[in-house]
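>>> fold the following.
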Amino acid sequence: MPHPRRAPSAALAAAAALFALADGLTEGLAATAAADGGGVGVLGRSRPPVGRGHRGFRTRRRKALRQPSPSIAGGGVGTRSSLEPIGFALNTDYQKFWDEYSKYPRMESWEAARESMLRVSDGTKASIVAMEDKLMLHRLVDGLDASVCPGVERIKQVPIRAWVQWHGSDVTVAAVDLEHAPENLWFKPTHLSNSDGGSPWSKSEYGNRHQFMDFVKTSCEWFKDKGQSTGRISEAGQRVAPGCVVQDMYPKARDRNNDVWPSYSPLELRVQVNWGRGHMVALTSGGHVFIGFNRQRPVQGGAAEWSHFALGFDSSSQKPYPAAHVDEVVNYLRQFLDTVVLQAECLATALGVPWARIDFFVPPPGSTWPVVFNELEVVSGVQWTLEKPMLPAGFKLPTGFEHLEHDDYRHARQQMEWMREAQDAGRKAWEAAGSQVKTAKEVLERFGCQGGEQGYAALRCRGGDLGSGASTAWFPPVGGA
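Numbering: from 1, shown residues only. Sure thing, here's the model as predicted:
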């Protein structure tokens, strides 16, 4: 298999032009939709103070929220990733991705990509199986050298307090001293995807360390032979050694005066990366977008801009959310876009994966926790469009929310077209830059792993999984909040 090649400067320029062209097409689609009254026009650009969008709300950027938080200062999305290719080399384990993707021109773009990933992710490909294993992925990210992505802040993770994993009839249970663990913990299976099986735990319920480890094992046994409940699972996913991890609970948003803040789980921004380039960021609910950010064409010489769209309608009360409440959450989330996009691009590029959803927890207002990596999914269950609300028969939506009618597909069609154009532009930019590839062995070695050429079972990685490692050295958060 050929090794990565250095692309000539002319090829890089051509790739940059293709990316700029894709940005222009994206902006043009949005402008056309808005002009046609489609209700899905550009809303909440990063520079204009006032905008109007499909929610029927006006959004006014607050000056204080334009400033990045101290934890993300010093890096802008547009400084590198909005105009230039970022040296993406395709992992040869995904070499058939585009052939499979091209078989579904009429399918929604994200469903076509998911179907393609299902077909190429077979159990013989060690790097793909390793990505599907949440415990192994934690080690991979922990072992990723900071020099791999110059200028990008090291990816952080939440420490693992305990884990259990089966290899055939052999079972291993490991735990650190739980004396300093917080009261609130999170349990999740490592062989299932899309957060399947995750649940909150309270440390005080499980006694001493020995009792706690027994409970981890007993709880995980229920998931050991359990199939995927949130969607289909690839052959590679089925090869993952079953197991579970217990981590510290990331803080949730607490605002009783604004129901737009998710109260049931941490703020999780999901980044869709196509051919090494972040295309979209979303806060999701029920497998659909609740608040989404679409990449726009940047002002010349400036950072990438992000238009946004939001559900804006509360199905339970059957009323729109107050515009100010939606704007408050949207404007707060904007400050984290630089961090999550650059880190997602870094991880996807290091792995050589052409299509991936990479998820990050971001701190709620008042918290000192940093942005942390949570999951990576190549067979994503997310629909990158708004969910139609469940409403009584004959219910008439307010003016400005017609796009949420069940027979109105304009918003979904626009999102699908944008995603497909981003895929096409990413592929062409990769070809223009020399169609660089790297073997799965090279990918895994970059993460400090050996034995990948002998298969997933023989893989040994230097990254840590218990206690403090390079990705968890930040812990505990400043002030503990």
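
>>> and for Ala440, the neighbour number?
21 (other CB atoms under 10 Å). Heads up, the C-betas are built off the backbone N, CA and C, glycines and all.

>>> spatially nearest residue to it, not counting backbone neighbours?
Ser127 (4.0 Å; CB to CB, 6 or more residues apart in numbering).

>>> let me know the secondary structure of that neighbour.
For Ser127, the assignment made with DSSP: H, G, I helix; E, B strand; the rest coil gives helix.

>>> pretty sure it is touching Gln95, no?
No - counting by CB atoms under 8 Å, Ser127 stays clear of Gln95, with 11.9 Å between them.

>>> those two - which one has more neighbours?
Shown here are Ser127 and Gln95; by other CB under 10 Å, Ser127 has more neighbours (26 against 14).

>>> pull the contacting residues for that one.
Asn91, Asp93, Leu351, Ala440, Val443, Leu444, Gly452 (CB atoms under 8 Å, 6 or more residues apart in numbering).

>>> can you rerun that using 10 Å?
91-94, 140, 236, 351-353, 439-444, 447, 449, 452, 456, 459 (CB atoms under 10 Å, 6 or more residues apart in numbering).

>>> now Asp142
Applying CB under 10 Å, 6+ apart to Asp142 gives the contacts 155-157, 160, 373, 447-448, 461-465, 468-473.

>>> if you set the cut-off to 7 Å instead, what comes out?
Contact analysis of Asp142 by CB atoms under 7 Å, 6 or more residues apart in numbering lists Gln157, Gly463, Gly464, Gly469, Ala470, Ser471.

>>> and the third one, how far from Val171?
Spelled out, that is Gly464. 21 Å (CB to CB, to the nearest Å).

>>> so which of the contacts of Ser127 are in helices?
Under the assignment DSSP state H, the contacts of Ser127 contribute Leu140, Ala236, Leu351, Ala440, Lys441, Glu442, Val443, Leu444 to helices.

>>> how about these in a markdown table, adding distance to Trp110 and pLDDT?
Shown next, in a markdown table, are the ones in helices among the contacts of Ser127 (distance: CB to CB, whole Å; pLDDT from 0 to 100):
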| residue | distance to Trp110 | pLDDT |
| --- | --- | --- |
| Leu140 | 24 | 93 |
| Ala236 | 19 | 90 |
| Leu351 | 19 | 96 |
| Ala440 | 25 | 93 |
| Lys441 | 30 | 92 |
| Glu442 | 28 | 93 |
| Val443 | 24 | 93 |
| Leu444 | 27 | 92 |
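
>>> of those, closest to Ser193?
Ala236 (10.6 Å; CB to CB).

>>> what about the closest one, how many residues nearby?
27.

>>> likewise Pro105?
9.

>>> between the contacts of Asp142, which is closest to Trp369?
Gln157 (11.9 Å).

>>> is the closest one in a helix, a strand, or coil?
Here Gln157 is recorded as coil under three-state DSSP.

>>> pLDDT wise, what is it at?
pLDDT, Gln157: 96.

>>> my guess is it contacts Val371. True?
No - if you go by CB atoms under 7 Å, Gln157 and Val371 don't touch, sitting 10.6 Å apart.

>>> so between these two, which is more surrounded?
Neighbours were counted for Gln157 and for Val371 using other CB under 10 Å; Gln157 has more, 23 against 20.

>>> not counting its neighbours along the chain, what's nearest that one?
Of all residues not flanking Gln157 in the chain, Ser471 sits nearest, at 4.2 Å (CB to CB, 6+ apart).

>>> show me what contacts the one you found?
With CB under 7 Å, 6+ apart, Ser471 has these contacts: Val141, Asp142, Arg154, Ile155, Lys156, Gln157.

>>> go on, Lys188?
Listed by CB under 7 Å, 6+ apart, the contact partners of Lys188 are Lys134, Ser195, Gly197, Gly198, Cys244, Val245.

>>> so which of those residues is surrounded by the most neighbours?
Cys244 (27 neighbours).

>>> beta-bridge partners for that residue, please?
Per DSSP bridges, the residues bridged to Cys244 are Val164, Pro189.

>>> hang on, it packs against Thr190?
Yes - with contact defined as CB under 7 Å, Cys244 reaches Thr190; the gap is 6.0 Å.

>>> can you convert the contacts of Lys188 into a markdown table and add a column each for distance to His406 and pLDDT?
What follows is the contacts of Lys188, written out as a markdown table (distance: CB to CB, whole Å; pLDDT from 0 to 100):
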| residue | distance to His406 | pLDDT |
| --- | --- | --- |
| Lys134 | 36 | 92 |
| Ser195 | 27 | 76 |
| Gly197 | 31 | 83 |
| Gly198 | 30 | 88 |
| Cys244 | 39 | 94 |
| Val245 | 39 | 94 |
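
>>> now distance to Glu268 too, for these, in JSON lines please.
What follows is these, written out as JSON lines (distance: CB to CB, whole Å):
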{"residue": "Lys134", "distance to Glu268": "15"}
{"residue": "Ser195", "distance to Glu268": "9"}
{"residue": "Gly197", "distance to Glu268": "16"}
{"residue": "Gly198", "distance to Glu268": "11"}
{"residue": "Cys244", "distance to Glu268": "20"}
{"residue": "Val245", "distance to Glu268": "17"}
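
>>> looking at these, which is nearest His403?
Looking across the contacts of Lys188 and measuring by CB to CB, the closest to His403 is Ser195, at 27.7 Å.

>>> Met117 looks like it's in a helix, true?
Yes - membership of Met117 in a helix is supported by three-state DSSP.

>>> got the contact list for it?
Going by CB under 7 Å, 6+ apart, the list of residues near Met117 reads Ser234, Trp355, Val378, Val379.

>>> so which of the ones in helices among the contacts of Ser127 wins on neighbours?
Leu351 (30 neighbours).

>>> ok, that residue to Ala89 distance?
10 Å.

>>> burial count for Ala356?
23.

>>> phi, psi of it?
Dihedral pair for Ala356: phi -160, psi 140, per degrees, to the nearest 10.

>>> OK, contacts around it?
For Ala356, the contacting residues are Val273, Ala348, Leu376, Glu377, Val378, by CB under 7 Å, 6+ apart.

>>> before I go, just wanted to say thanks for your time.
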